[in-house]
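Engineer: I'll drop the sequence and a predicted model, then ask my questions.
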Amino acid sequence: MCGIVGVAATAPVNQLIYDSLLLLQHRGQDASGISTSHDQFFSMYKAHGLVRDVFRTRNMRSLPGSSGLGQVRYPTAGSSDSVDEAQPFYVNAPFGIMFVHNGNLTNWRQLREELFSVDRRHINTNSDSEVLLNVFAHELDKAADGRSLDDEAVYQAVANVHARCRGAYSVIAQIANFGMVAFRDPNGIRPLCIGSNDTEQGVEWMVASESVALTGCGFSRVRDVEPGEAVIIDLDRNLRSRQCAQSPVLTPCVFEYVYFARPDSFMDGVSVYSARLQMGEYLGNKVARSLRLGEIDVVMPIPDSARPAAMQLASKLDLTYREGFIKNRYVGRTFIMPGQAVRKKSVRQKLSAIDMEFRGKNVLLVDDSIVRGTTSREIVEMARAAGANKVFFASAAPAVRYPNVYGIDMPTQSDLIAHGRDTDQVAREIGADGLVYQNLEDLEQSIRDLNPTISQFESSCFSGEYVTGDIDAAYLELLERTRGRRAPAGAMSPKHED
């Protein structure tokens, strides 16, 4: 998962992009990068690390210009630890393009071979983002056909990208002497939205993964980029758009609402915070059917993303709500720790239990999801050590049984605790006295309640159904081998537990 942003402003933009990346930092902590455009030149700086650690005053001074791009990244399957795979990416032909991408192409290997053998373009990394950039550049070249670049050529190039590429992609590109182009895949799996800011010098535009980047930088949220749509912001900051896909269908990733997105964001017309409250409402119904409520003394969230669901669940069931765990925000994320022993130590450094809230009580712990089960097991043990009588566990998401291929680097299927186990078996594995998973239908409905126009979701990690239609057993087997090899090097995963 990555966070991307593009800004066309009336004044130097480096600080504005930096600030927006801070607001998107939750979407990637592996690397950060900014590029700017000025006097027909591009400037760029990128490195491994958090935004606050990557950029110094000297770096910011080297990024002049009133338009530019930014990205925060975590690596997905097939990528390496090299800073060469940090973004933005750049190609100098046919027009000079800076490029940031959030998502994952499922047919990137095939496309890379086509680029080598047919399109005669060289790919220098194993990044699917570099493949996507070169496909876009090649299609721009074909559509322009030796002429100066115009809107029609850009729209045709994006349409051709949709025809060739499979998977999830939200893209922002800056083309020299032309302007900025943003587009989403025809399923709209990964989010992308547009904001504006009126100034005395004219309107400014920002395109970003989440609306929190817009509003946090003083921009007003205008709308989401539609699935398959291409948006052009020219050098005079005029905005135009066109639908470029044959049969676009909005199919947003449900895990964005469960865990990834910030609660203060709006995505595809849905408040993430409200969606998580709704998840708690539906989960409360399931808990009431599955557990004896008289045995539950208190409901506690696993901070932070489960808090809205836990509060709503407790309110619905008329149960006491307490904060029993305190989160230390200055400990490294546990999913980049190699080895289970180190992960276990890091979990206990990251969370601490307030003994008085547990002692002698039967507690219901609520988390956003359970992936490997490492954190869940440790938290149950911590609750018991703090004096809890019984520990029940509820997940605001269904059981994660399948890998994600659209930009979330889940563990291999064999490492998913729910793979090959039923609910009672998972409960025993994490040491809980009872476990309740959200139903997938209820999870999707909790989001659809807030935007009834969303007819379907990308829920493959729960259902095993992949919306792009190109994922089979052979693909998943290759993915298993690839991620298995990368795991010791610190492959990233969405859950705080991994």
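Structural biologist: Everything's here; your move.

Engineer: Give the other helices and strands that the lengthiest helix in the chain contacts.
Structural biologist: Longest helix of the chain, by residue count under DSSP state H: helix 272-290. Contacts defined by 3 or more C-beta pairs under 8 Å, 6 or more residues apart in numbering; DSSP states H and E place helix 272-290 against helix 307-316, strand 362-367, strand 390-395, strand 434-437, helix 440-448. (Each C-beta comes from the backbone N, C-alpha and C, glycine too.)

Engineer: Which one of these lies nearest to Ala474?
Structural biologist: Of all the helices and strands packed on helix 272-290, it is helix 440-448 that lies closest to Ala474, at 25.5 Å by C-beta to C-beta.

Engineer: which element follows that closest one toward the C-terminus?
Structural biologist: The first helix or strand that comes after helix 440-448 along the chain, using DSSP states H and E, is helix 460-463.

Engineer: Pull the distance from that next one to the chain's centre.
Structural biologist: 16 Å (C-alpha atoms, centre = their mean, to the nearest Å).

Engineer: Let's see that helix as PDB, backbone CA atoms only.
Structural biologist: Once non-C-alpha atoms are left out, helix 460-463 reads as follows in PDB (Å, rounded to 0.1, in the frame of the first residue of the first chain):
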ATOM      1  CA  SER A 460     -10.600 -11.200  -2.200                       C
ATOM      2  CA  CYS A 461      -8.600 -11.800   1.000                       C
ATOM      3  CA  PHE A 462     -11.900 -12.900   2.700                       C
ATOM      4  CA  SER A 463     -13.700 -14.500  -0.200                       C
END
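
Engineer: and that helix, average pLDDT?
Structural biologist: In this model, helix 460-463 has a mean pLDDT of 96.

Engineer: Which strands or helices does the next helix or strand along the chain from it pack on?
Structural biologist: In the C-terminal direction, the helix or strand that comes right after helix 460-463 (DSSP H and E) is helix 473-486. Helices and strands touching helix 473-486, as assessed by 3+ C-beta pairs under 8 Å, 6+ apart, are absent.

Engineer: Return helix 473-486 as CSV; C-alpha atoms alone will do.
Structural biologist: Output in CSV follows, covering the C-alpha atoms of helix 473-486 (Å, rounded to 0.1, in the frame of the first residue of the first chain):
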residue,chain,number,x,y,z
ALA,A,473,-4.0,-21.4,-8.8
ALA,A,474,-0.8,-21.1,-10.7
TYR,A,475,-0.6,-17.3,-10.1
LEU,A,476,-1.2,-17.8,-6.3
GLU,A,477,1.4,-20.5,-6.2
LEU,A,478,4.0,-18.2,-7.8
LEU,A,479,3.0,-15.5,-5.4
GLU,A,480,3.4,-17.8,-2.4
ARG,A,481,6.9,-18.7,-3.6
THR,A,482,7.8,-15.0,-4.2
ARG,A,483,6.6,-13.8,-0.9
GLY,A,484,8.1,-16.7,0.9
ARG,A,485,11.5,-15.8,-0.4
ARG,A,486,11.1,-12.2,0.5
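
Engineer: can you give me the offset of that helix from its chain's centre?
Structural biologist: 21 Å.

Engineer: Low-confidence ranges, the stretch 251-400 of the chain, go.
Structural biologist: 331-346 (pLDDT under 70).

Engineer: Can you give me the domain assignment for this structure?
Structural biologist: 3-250, 275-328+337-447 (automatic domain parsing).

Engineer: follow-up on the earlier one: which residues are in contact with the longest helix of the chain?
Structural biologist: With contacts defined as C-beta atoms under 8 Å, 6 or more residues apart in numbering, helix 272-290 is touched by 256-258, 261-266, 293, 305, 308-313, 316-317, 364, 366, 394-397, 434, 436-439, 442-443, 445-447, 449-450.

Engineer: can you check stretch 466-484 too?
Structural biologist: With C-beta under 8 Å, 6+ apart as the criterion, stretch 466-484 contacts 77-78, 106-107, 166-167, 187, 189, 251, 402-403, 405-406, 409, 411-414, 456, 458, 460, 491.

Engineer: and those, which are buried?
Structural biologist: 77-78, 106-107, 166-167, 187, 189, 251, 402-403, 405-406, 409, 411-413, 458, 460, 491 (16 or more other C-beta atoms under 10 Å).

Engineer: Among those, name the ones in strands.
Structural biologist: Gly167 (DSSP state E).

Engineer: show me where pLDDT drops low in the stretch 1-150 of the chain?
Structural biologist: 75-81.

Engineer: show me where it has helices.
Structural biologist: All helices of the stretch 1-150 of the chain, identified by DSSP state H, counting those that start in this stretch, fall at 14-23, 51-54, 57-61, 108-117, 128-144.

Engineer: can you list these in CSV and add mean neighbour count and distance to Ala182?
Structural biologist: Compiled in CSV, the helices of the stretch 1-150 of the chain are given as follows (neighbours: other C-beta atoms under 10 Å; distance: least, C-beta to C-beta, whole Å):
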stretch, mean neighbour count, distance to Ala182
helix 14-23, 22, 14
helix 51-54, 16, 21
helix 57-61, 11, 24
helix 108-117, 16, 20
helix 128-144, 23, 12
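
Engineer: and of those helices, who's closest to Glu204?
Structural biologist: Closest among these, using C-beta to C-beta: helix 14-23, at 8.7 Å.

Engineer: how far out from the middle of the chain is stretch 107-127?
Structural biologist: 25 Å.

Engineer: can you list contacts of that stretch?
Structural biologist: Contacts of stretch 107-127 (C-beta under 8 Å, 6+ apart): 78-80, 82, 84-85, 89, 105, 128, 130-132, 134-135, 137-138, 164-167, 470.

Engineer: and the end-to-end length of that stretch?
Structural biologist: Terminal residues of stretch 107-127 are spaced 12 Å apart (C-alpha to C-alpha, to the nearest Å).

Engineer: ok, now stretch 284-304?
Structural biologist: With C-alpha to C-alpha, one end of stretch 284-304 sits 19 Å from the other.

Engineer: likewise stretch 287-296?
Structural biologist: Note: stretch 287-296 ends 11 Å apart using C-alpha to C-alpha.

Engineer: which parts of it are buried?
Structural biologist: 287, 291, 296.

Engineer: State the phi and psi torsions of the last one.
Structural biologist: Reported as degrees, to the nearest 10, the phi and psi values for Ile296 are phi -100, psi 120.

Engineer: hang on, the earlier thing: how about CSV for the domains of the chain, with distance to Gly464 added?
Structural biologist: CSV is the format used below for the domains of the chain (distance: least, C-beta to C-beta, whole Å):
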stretch, distance to Gly464
domain 3-250, 15
domain 275-328+337-447, 4
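
Engineer: Distance from stretch 175-185 to the middle of the chain?
Structural biologist: For stretch 175-185 - counting by C-alpha atoms, centre = their mean - the centre lies 21 Å from the chain centre.

Engineer: buried set for that stretch?
Structural biologist: Buried, per 16+ other C-beta under 10 Å, within stretch 175-185: 175, 178-185.
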